[in-house]
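1. My questions concern the predicted model and sequence given below.
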Amino acid sequence: MKKRTFLISMIAATLMVASCSKDDGDTIVNPVVTEEQSATDGVNNVEPQTKQARPIVIKAQSGATISKVATTDGYKFTFSDGDKLVLTDGTRTYATLDLASGTGTATATFSGGISTEADGKSIYATINGQSALSEVKTSTTSLADVVQANCYFKSESFTYNASGELSVTLNDQNAYLVFNVSEYQKKVNIGDNKWYDVSDGKCFAAVPAGEVTGRFFGTKTAESGKIYTITRTDVVDLGLSVLWCTSNATSSETDQKTWEDAKTLANSIEGYSLPSADNFRELTGEKTVEGVTVTKEWNGEGADLEHGYTFSTGYGSVFFPAAGLNGGYGAGAEGDYCSGESYVGNRAYILYFYGGHARVRPYNVSHEYSVRLVRGL
């Protein structure tokens, strides 16, 4: 959990806090506001509803960062022009302090006035303009982009005492998700039937800390200030009952297996399995999933193994090459993919397509079929 620790006194205090901006390497250090200056300027910065105010200077010193957590994006929390530090009880603001120095760095000074009515009140500190998330926010640009736009630094409540010193810590109240997914993924799911755009296999999300769900990762407790990376580059989520692998399980598309050998191969790969007949029917349209429309497109252009079917939804797409059967017989014209589900006798269900037709049918288990695996949600 990333945090900042501060010390507050009536005239001069030490405060560790930061707003969110991408670290550009620039360092701008302005003169520190003196106690005499703050006494003059601070009263003028008190909000109109404050009848009486005393000057206050808060010096912020922070070297804290969110580190690179299984991602190539790294950045620091630094102060930006216009940052203001707010002391409030959640209903009333007792001080809104201006950034006096430290733009572009992790060390800054805030100055202004604090209402005398803050004495003895339970208050907390936050950065002006930041607020708690009520829903997921995403970016396809970068992790820093979504953090900068949505971070919310807030301290625990403390009782303000003008004559004493108080230790205060600011924490980012959000958690962050970084999705690394297949180039064929169009959207990712976070929450109850909510989908968010992907670009070049990337999606970055800010979520309220607490329990969060998604089809790619199940249910997890997301701790505030932490980044969670979800990598699913070998499967595509079409919004159906399973996740489909983006390629066949064998090293060559025409390296095909009998039904029993295909089952043995699938059982050797933890977390994956052969699809059921109904999994295939969801692709062909013989079985529907509420709210999801699957489109089928036959490609007959290019070399033989470039022929095949693309199954698409609004969330992603997956391609099945027409690799034929029995080691490539009929390659370029048809596709034969085995399920893990038997029919009767020596037959099992397969996905069969030829030209513009695709359906699920039983076929002899002794033939050799292409193997495409699935992963559970």
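-> Received, thanks.
2. all helices of the stretch 251-377 of the chain, in order?
-> 259-267, 277-284 (DSSP state H, counting those that start in this stretch).
3. residues of the first one that come out buried?
-> For helix 259-267, the buried set under the neighbour-count rule, 16 or more other CB atoms under 10 Å, comprises 259, 262-263, 265-266. Heads up, the C-betas are built off the backbone N, CA and C, glycines and all.
4. same check, this time on stretch 78-91
-> Judged by neighbour count (16+ other CB under 10 Å), stretch 78-91 contains these buried residues: 78-80, 83-88.
5. any weak-confidence spans in the protein?
-> Scanning the chain for pLDDT under 70 picks out the ranges 1-51, 58-77, 106-107, 164-169.
6. how about JSON lines for the helices of the stretch 251-377 of the chain, with distance to residue 302 added?
-> Shown next, in JSON lines, are the helices of the stretch 251-377 of the chain (distance: least, CB to CB, whole Å):
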{"stretch": "helix 259-267", "distance to residue 302": "27"}
{"stretch": "helix 277-284", "distance to residue 302": "22"}
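7. Which one of these lies nearest to residue 153?
-> Nearest to residue 153 among these is helix 277-284; the distance by CB to CB comes to 44.9 Å.
8. Of all the residues in that closest one, which ones are buried?
-> Here helix 277-284 shows 277-284 as buried, counting by 16+ other CB under 10 Å.
9. hang on, the earlier thing: go through the helices of the stretch 251-377 of the chain and name the closest to residue 240.
-> helix 277-284 (4.7 Å).
10. just checking, what packs against the closest one?
-> Helix 277-284 sits against strand 334-342, strand 347-354, strand 357-364, with contacts defined as 3 or more CB pairs under 8 Å, 6 or more residues apart in numbering; DSSP states H and E.
11. mind putting these in TSV, mean neighbour count and distance to residue 214 included?
-> Putting those into TSV (neighbours: other CB atoms under 10 Å; distance: least, CB to CB, whole Å) gives the following:
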stretch	mean neighbour count	distance to residue 214
strand 334-342	22	26
strand 347-354	22	27
strand 357-364	16	29
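12. Switch those strands over to TSV; also include distance to residue 155.
-> Supplementary listing: the helices and strands packed on helix 277-284 in TSV, determined by distance: least, CB to CB, whole Å:
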stretch	distance to residue 155
strand 334-342	54
strand 347-354	57
strand 357-364	59
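13. Switch the buried residues of helix 259-267 over to JSON lines; also include distance to residue 310.
-> Shown next, in JSON lines, are the buried residues of helix 259-267 (distance: CB to CB, whole Å):
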{"residue": "259", "distance to residue 310": "25"}
{"residue": "262", "distance to residue 310": "23"}
{"residue": "263", "distance to residue 310": "27"}
{"residue": "265", "distance to residue 310": "24"}
{"residue": "266", "distance to residue 310": "23"}
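14. Which of the residues you listed sits closest to residue 361?
-> Within these, proximity to residue 361 (CB to CB) peaks at residue 259, which comes in at 13.8 Å.
15. In space, what's closest to that closest one - neighbours in sequence excluded?
-> residue 365 (3.8 Å; CB to CB, 6 or more residues apart in numbering).
16. what's the answer for residue 198, then?
-> residue 185 (5.1 Å).
17. Would you check that the one you found makes contact with residue 201?
-> Yes: applying CB atoms under 8 Å, one finds residue 185 in contact with residue 201, separated by 6.8 Å.
18. which of these two has more neighbours?
-> Using other CB atoms under 10 Å, the more surrounded residue of residue 185 and residue 201 is residue 185, with 25 against 16.
19. who touches the more buried one in this structure?
-> Contacts here follow CB atoms under 8 Å, 6 or more residues apart in numbering; on that basis residue 185 touches 198, 201, 232, 236-237, 315-316.
20. and what of residue 224?
-> Residue 224 neighbours (CB under 8 Å, 6+ apart): 1, 171-175, 209.
21. Which members of these occur in strands, if any?
-> The strands, defined by DSSP state E, take in 171-172, 174-175 from the contacts of residue 224.
22. Most neighbours among those residues, which one is it?
-> Busiest of the ones in strands among the contacts of residue 224 [other CB under 10 Å] is residue 172, holding 27 neighbours.
23. isn't that one right up against residue 155?
-> No: Residue 172 is not in contact with residue 155 according to CB under 8 Å; the separation is 11.4 Å.
24. who touches stretch 198-206?
-> Contacts for stretch 198-206 (CB under 8 Å, 6+ apart): 73, 133, 136-143, 145-147, 149-151, 174-183, 185-188, 190, 196-197, 233.
25. Would you mark the buried spots in it?
-> By neighbour count on 16+ other CB under 10 Å, the buried set for stretch 198-206 is 198, 201-206.
26. ok, back up a step: so which of the contacts of residue 185 are in strands?
-> 232, 236.
27. and the contacts of residue 185 as CSV, adding distance to residue 325?
-> Converted to CSV, these look like this (distance: CB to CB, whole Å):
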residue, distance to residue 325
198, 34
201, 32
232, 29
236, 24
237, 28
315, 30
316, 27
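28. What about the contacts of residue 185, which one has the most neighbours?
-> Most surrounded of the contacts of residue 185: other CB under 10 Å gives residue 237, at 27 neighbours.
29. Contacts only, for that residue.
-> 185, 188-189, 215-216, 243, 315-316.
30. same thing but at 7 Å, please
-> Applying CB atoms under 7 Å, 6 or more residues apart in numbering to residue 237 gives the contacts 185, 189, 215-216, 243, 315-316.
31. Next: residue 369.
-> With CB under 7 Å, 6+ apart, residue 369 has these contacts: 256-257, 262, 325, 336-338, 350.
32. which residue sits closest to it, ignoring its sequence neighbours?
-> residue 338 (3.8 Å).
33. Can you verify my assumption that that neighbour contacts residue 350?
-> Yes: in terms of CB atoms under 7 Å, residue 338 counts as a neighbour of residue 350; the distance is 5.2 Å.
34. Do you have the helices of the stretch 101-250 of the chain handy? List them.
-> Using DSSP H, counting those that start in this stretch, helices in the stretch 101-250 of the chain cover 143-150.
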